[in-house]
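*Asks:* fold the stuff below for me.
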Amino acid sequence: MKRILLAFLVLFLLPLHPAEATPVQGYLNWSVLMCKFADRPGEPRDRLFFEELFTPVGAGQRGLHDFIASQSRGRATTGGTVVKGWFTMPYTWQQSKEAPRAERIDQCVRTVRAAGYTPPPEHRIAVMLNAGDIDSGAYGTAFLLDAHGWNSAWAVHEAMHTLGVGHGFSDDLTLKRYDWSQPGEYDDHWDVMSVDHIHHSRWSDKFGQGAIGFNAPRLDEVGWLPQNRVLTAGKDGQVTTSVQLAPIERQDLPGTLMVRVPYDAKNLNRYYTVEFRKKTGLSEGIPKATVLIHSVEGGLPRLMRDMSLPNRDPIQRVSANGVTIKVDEVGANSAIVTVSVSKTLIDTCLGDWVHRKAMPHDVTCVSTAVRDQTAMDNRNAAEYVDEYGNCTFGRVRRLAVPGDLVCVTPLTRGQVANDNKAAESRRNPIKNLWGPNACKAGFVWRGADESDQVCVPLSTREQILVDNGLAASRWVDGPYGPQTCVPGYVWREAFIGDKVCVTPETRALARADNLRTHDRVDPPWD
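*Replies:* I've put the predicted structure just below:
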């Protein structure tokens, strides 16, 4: 009954958009507040328990810190998280139970502030309640866990909600886990955001039920996939591509980590993703190594299931929307897939360009004026051919495409040649697909490394490239090893592990940009 109540509350209290996370890196700070009810003075766990669950103090015990460290590849840390408590609230268990979740969280926050601790403005809030059968769930940038929710899976799930990550879904629209849930909700067993319906990793001795990791589109959403290992099918103009996939759990192995397969020229935020999962690490609870295919629309990934199979196993082939995806081979450490996109999509013109149509198969993109001139030349073609089939005086063959023998002026043929040279730059909207973290106009990815998708002004990116180029000249052997900064410089720390040396002002800007990027991303649900 408790889990049913939780699902109901989560559905109505989380943000409306299915995916609001943006690149997450650097210091992720929560103030973990331990609060007791006025009529229930027990302290089931001490502060050390929560420090080990949420902070680096518990490294190796599969708490929130370990999840974030492993999934982000060390780019993010809960190292700035603090734990405070216990604090006795002036509210009984029943009074708290009857309050809305936002008020329930604020009851604890008010109590803690009255006791002398004010959470810093950059901290998210995590409230721990000392009794069960109340509520566990998120509200905006805060979450709470009652005494029944103190396990790794729920701690990770709710903490990720405060970063803007939504629930897991499948494409099984006949399935409703609860009367009030949406079709397919909580039905991606390979993603922790389906929490009670996941392939759990092993149970921790201290923190109980373990969490599985994110699926690939989730990792992409929070910026934890290196973009040089994400392939967007068709971006290079090729219709069909054979891809070797590496398991997302073993990024030390060679291969692509995720393939995006777009299919809608009018809405590039509609695409499929393909990933390979290996039975290891956080995914040790999955039944077997497998390829997963998700459909993504408006930022919401849905696991595609084969409804013809008794267990609704993940689908292994797609043939829809002009796209084909086929799993050719699944091995111990890699999988081979073949993906094809629609040639019509690749040949779609960008912006105001249109197909020239010098001949029916001519899809060269030109201006409307050139297309109109081409159509007129086609209609008048017979007027400029003599009795021997040659062009009349002053006319030449157009040669827009092989077999095009229409006679036109030399000026028109020069225009044809110029348009043909510019053809690749004017077609294929897939080239403009950058995934869930595409920046708004006026901003670009910072690019401190291959995974850095934080959106910044172009001038900041230019400074990043300069600093990266000077990195070696600013390192010396010193108290922090061979990458100690020369006097006057500090590590940039755009992400954890970023040891490029910059001025203190540049480091402060990097940290500020990490916090601002949410407002600079062009959201996929627009």
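*Asks:* ok, and the closest non-adjacent residue to C349?
*Replies:* Setting aside the residues directly before and after it, C349 is nearest to C365 in space (Cβ to Cβ, 6 or more residues apart in numbering), at 3.9 Å. (Each C-beta comes from the backbone N, C-alpha and C, glycine too.)
*Asks:* run a quick neighbour tally on that neighbour.
*Replies:* Neighbourhood size, C365 [other Cβ atoms under 10 Å]: 24.
*Asks:* ok, and what's touching the one helix or strand D419 maps to?
*Replies:* Using DSSP states H and E, D419 sits within helix 410-421. Contact with helix 410-421 is made by 356, 358, 364-366, 370, 373, 377, 394, 396-400, 408, as judged by Cβ atoms under 8 Å, 6 or more residues apart in numbering.
*Asks:* list the buried ones in it?
*Replies:* 412-413, 415-416, 419 (16 or more other Cβ atoms under 10 Å).
*Asks:* ok now it, how far from the chain's centre?
*Replies:* Distance, stretch centre to chain centre, for helix 410-421: 43 Å (Cα atoms, centre = their mean, to the nearest Å).
*Asks:* got it, and stretch 311-328?
*Replies:* 21 Å.
*Asks:* can you list the residues that contact that stretch?
*Replies:* 170, 172, 190, 242, 261, 263-264, 272, 274, 290-293, 303-306, 335-342, 344-345.
*Asks:* who touches A38 in this structure?
*Replies:* So A38 contacts 88-92 (Cβ under 8 Å, 6+ apart).
*Asks:* what's the local residue count around A265?
*Replies:* A265: 18 neighbours (other Cβ under 10 Å).
*Asks:* an error on my part: the question was meant for L399.
*Replies:* So L399, with other Cβ under 10 Å, has 16 neighbours.
*Asks:* specify the local secondary structure of it.
*Replies:* Under DSSP: H, G, I helix; E, B strand; the rest coil, L399 falls in the coil class.
*Asks:* quick one, phi psi at it?
*Replies:* phi 60, psi 40 (degrees, to the nearest 10).
*Asks:* measure T256 to R317 for me?
*Replies:* 19 Å (Cβ to Cβ, to the nearest Å).
*Asks:* an error on my part: the question was meant for V444.
*Replies:* 37 Å.
*Asks:* which one's more surrounded, the two?
*Replies:* V444 (16 against 12).
*Asks:* which pLDDT does the model give that one?
*Replies:* pLDDT recorded at V444 is 97.
*Asks:* go ahead and confirm it touches L458.
*Replies:* Yes: the criterion here is Cβ atoms under 8 Å, and V444 meets it with L458 at 5.5 Å.
*Asks:* which one in this protein is furthest away from the centre?
*Replies:* Centroid-distance maximum for the chain: E387 at 64.5 Å, with Cα atoms, centre = their mean.
*Asks:* tell me the SS of that residue?
*Replies:* coil.
*Asks:* so which residues of the stretch 351-500 of the chain form helices?
*Replies:* 368-379, 410-421, 458-469 (DSSP state H, counting those that start in this stretch).
*Asks:* tell me the contacts of P226?
*Replies:* 251, 257, 449-451.
*Asks:* list just the one of the helices of the stretch 351-500 of the chain that sits closest to P41.
*Replies:* Closest approach to P41 among those is made by helix 458-469 (52.1 Å; Cβ to Cβ).
*Asks:* packing partners of the closest one?
*Replies:* strand 444-445, helix 504-516 (3 or more Cβ pairs under 8 Å, 6 or more residues apart in numbering; DSSP states H and E).
*Asks:* would TSV of those with distance to G42 be doable?
*Replies:* Formatted as TSV, the helices and strands packed on helix 458-469 follow (distance: least, Cβ to Cβ, whole Å):
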stretch	distance to G42
strand 444-445	50
helix 504-516	38
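*Asks:* of all these, which one is nearest E98?
*Replies:* Closest among the helices and strands packed on helix 458-469, using Cβ to Cβ: helix 504-516, at 35.5 Å.
*Asks:* residues in contact with that closest one?
*Replies:* 23, 25-27, 122, 446, 448, 454-456, 460, 463, 467, 490-494, 498, 502.
*Asks:* out of these, which are buried?
*Replies:* Of the contacts of helix 504-516, these count as buried by 16+ other Cβ under 10 Å: 23, 25-27, 446, 448, 454-456, 460, 463, 467, 491-494, 498, 502.
*Asks:* which ones among the residues you listed map onto strands?
*Replies:* 26-27, 455-456, 491, 502 (DSSP state E).
*Asks:* tell me the one of those residues nearest V83?
*Replies:* Y27 (15.8 Å).
*Asks:* okay, now R47: neighbour count?
*Replies:* R47, neighbours per other Cβ under 10 Å, totals 15.
*Asks:* ok, for it, nearest residue in space, not its chain neighbours?
*Replies:* V83 (5.3 Å).
*Asks:* OK, contacts around that neighbour?
*Replies:* So V83 contacts 32, 34, 47, 50-51, 54-55 (Cβ under 8 Å, 6+ apart).
*Asks:* okay if I get those residues as CSV plus distance to G223?
*Replies:* What follows is these, written out as CSV (distance: Cβ to Cβ, whole Å):
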residue, distance to G223
V32, 24
M34, 31
R47, 32
F50, 27
E51, 27
F54, 21
T55, 22
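*Asks:* ChimeraX command to pick out the buried ones of the residues you listed?
*Replies:* Filtering these down to the buried ones (16+ other Cβ under 10 Å) takes a single ChimeraX command:
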select :32,34,50,51,54,55
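*Asks:* tell me the two of the contacts of V83 that are most distant?
*Replies:* M34 and T55 (13.5 Å).
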